[in-house]
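Peer 1: Sequence isn't available, so here's the structure alone:
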DNA sequence: ACCTGAACACCGTTCAAGT
DNA sequence: ACCTGAACACCGTTCAAGT
């Protein structure tokens, strides 16, 4: 809130890259992605807009970093559990995390997929589970893509439903997700 | 290209809503969604930016209209074919159309789903095929959502691959889509 | 290295005209 | 009804300073 702007060109504001990212996530959570602008972010941090560019190369990198942070919230699978059960838990966790950050999903889908470290970890974990389920590498690669598309893509449709009556007949989105996930797992791992 | 701008306040430019939409689709196809701005669109039409608002309420409505136009390109299913084969053809057509307009996919996924007339037609056609496959209504509703998420969501990942070597080992995206679609259809309709 | 001041090159949209 | 002129309230980003 306090903007002050009582700083002369030489003085520092004690800004950190982590502080910028944290503030951006806060704006995203409270006001949505429409309000996440470099200028509003700077104002919230009590700083001039261009000051952000000392800690972040630009808005795209900022969004990519937040996205990877969010991917870090996904629950890591156990190394010894049943692969099928672990795959179900992992993809459900991906879906839940994506649903908690719906504004980020379109940015994720706009071809800036799993480039960050947490994204790569997620990718490796999924591949490991599919390998433990004794899938050949090429089929595992296809299955990983199919599962990722499904879990993230479904979150984009899982927004708070339109302002109709309380229950409009259709089952809750999370149940539809679970149903479809079982179909996919049956196809991938066999009945 | 010609901007002229040699019109006085009273003169008309012969603009139509359809002409605006067509120009917008042309910009989208040649320059991408980043370049699709009201101002650039106006310039291409030889008109001042605010002139567009006589034919379109705003940019959001313009994108929604284009999106629904694009959905009209989806091949309509036959009324007498095998439901499973028709579902496969329909969802593949949805996927192909979405892939031809990758810039629109994030906008589609950003909760502006199937509100237009062509979107509703598509929705009805899918439900009819699922009913003909003798699915109960609630299961058909779940299946329709799952299929839509899968077909559209997959298109977001099917962009031209990064500039790696020609074949980087992974199978083409369209094959992965087909594989996953079979898994889903098996789960929905039974083996 | 980190910040300000000032500026550049843009946006979408509105509103009062003119014919 | 359809368009222009002018303006409003914004954007992301760069660049030359200052300490």
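Peer 2: That came in fine, so what should we check first? Computed from a predicted model, the values in this text were never measured in an experiment.
Peer 1: Show me which residues of chain A sit near chain B.
Peer 2: Within chain A, the positions near chain B by C-beta under 8 Å from any C-beta of the partner chain are A:102, A:105-107, A:109-111, A:113, A:138, A:141-142, A:145-146, A:148-150, A:152-154, A:156-157, A:159, A:169-171, A:173, A:175-176, A:179-180, A:182-184, A:186-188, A:191. For glycine as for every other residue, the C-beta is placed from the backbone atoms N, C-alpha and C.
Peer 1: Which elements pack onto the longest helix seen in chain A?
Peer 2: Longest helix in chain A, counting residues (DSSP state H): helix A:137-157. If you count contacts as 3 or more C-beta pairs under 8 Å, 6 or more residues apart in numbering or on different chains; DSSP states H and E, helix A:137-157 packs onto helix A:83-100, helix A:104-109, helix A:117-132, helix A:173-189, helix B:104-109, helix B:137-157, helix B:173-189.
Peer 1: Give me the distance from the fifth one to the chain's centre.
Peer 2: Looking back up the chat, that one is helix B:104-109. The chain centroid and the centroid of helix B:104-109 are separated by 8 Å under C-alpha atoms, centre = their mean, to the nearest Å.
Peer 1: Now do it: everything it contacts.
Peer 2: With contact meaning C-beta atoms under 8 Å, 6 or more residues apart in numbering or on different chains, helix B:104-109 is reached by A:105-107, A:109-110, A:153, A:156-157, B:28, B:33, B:63, B:66-67, B:70, B:98, B:152-153, B:155-156.
Peer 1: mind giving me the domain ranges of chain A?
Peer 2: A:17-56, A:71-189 (automatic domain parsing).
Peer 1: Would you mind finding the most buried of those?
Peer 2: The highest mean neighbour count among those, using mean count of other C-beta atoms under 10 Å in any protein chain shown, belongs to domain A:71-189: a mean of 18.
Peer 1: Name the helix or strand of chain A that has the lowest mean pLDDT.
Peer 2: The weakest-scoring helix or strand in chain A, judged by mean pLDDT, DSSP states H and E, is helix A:104-109 (a mean of 87).
Peer 1: Does that helix reach DNA strand D?
Peer 2: No. Figure legend: helix A:104-109 not in contact with DNA strand D (C-beta under 7 Å from any atom of the strand); closest approach 12.9 Å.
Peer 1: go on, stretch A:36-44?
Peer 2: Yes. Using C-beta under 7 Å from any atom of the strand, stretch A:36-44 reaches DNA strand D at A:36-40.
Peer 1: what's the closest of the residues you listed to residue B:44?
Peer 2: Distance to residue B:44 across the residues of stretch A:36-44 next to DNA strand D (C-beta to C-beta) is lowest for residue A:37, with 27.1 Å.
Peer 1: Can you pull out the low-pLDDT segments for chain A?
Peer 2: A:1-5, A:111-113, A:159-170 (pLDDT under 70).
Peer 1: neighbours of the nearest residue to residue A:115 once chain neighbours are set aside, just the number please.
Peer 2: Leaving aside its chain neighbours, residue A:115 sits nearest to residue A:64 (7.0 Å; criterion: C-beta to C-beta, 6 or more residues apart in numbering or on different chains). Applying other C-beta atoms under 10 Å in any protein chain shown, we find 17 residues neighbouring residue A:64.
Peer 1: what does residue A:15 give?
Peer 2: Neighbours around residue A:15, by other C-beta under 10 Å: 17.
Peer 1: Look up how far residue A:54 lies from it.
Peer 2: 7 Å (C-beta to C-beta, to the nearest Å).
Peer 1: Now find how far off-centre stretch A:119-135 is within its chain.
Peer 2: Counting by C-alpha atoms, centre = their mean, stretch A:119-135 is centred 18 Å from the centre of its parent chain.
Peer 1: So which residues make contact with it?
Peer 2: By C-beta under 8 Å, 6+ apart, stretch A:119-135 touches A:67-68, A:71, A:74, A:76-77, A:83-84, A:86-87, A:90, A:94, A:113-114, A:137, A:140-141, A:143-144, A:147-148, A:188-189.
Peer 1: Which of the helices or strands spans the closest residue to DNA strand D within chain A?
Peer 2: The minimum distance from chain A to DNA strand D, using C-beta to the nearest atom of the strand, falls at residue A:10 (2.0 Å). Element membership of residue A:10, judged by DSSP states H and E, is empty: it is in no helix or strand.
Peer 1: I figured residue A:24 hits residue A:62, correct?
Peer 2: Yes. Under the criterion of C-beta atoms under 8 Å, residue A:24 makes contact with residue A:62 at 5.9 Å.
Peer 1: circling back: would you turn the residues of stretch A:36-44 next to DNA strand D into a markdown table with secondary structure?
Peer 2: Output for those, formatted as a markdown table (DSSP: H, G, I helix; E, B strand; the rest coil):
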| residue | secondary structure |
| --- | --- |
| A:36 | coil |
| A:37 | coil |
| A:38 | helix |
| A:39 | helix |
| A:40 | helix |
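Peer 1: Farthest pair within these?
Peer 2: Greatest spacing in these, by C-beta to C-beta: A:36 and A:39 (10.3 Å).
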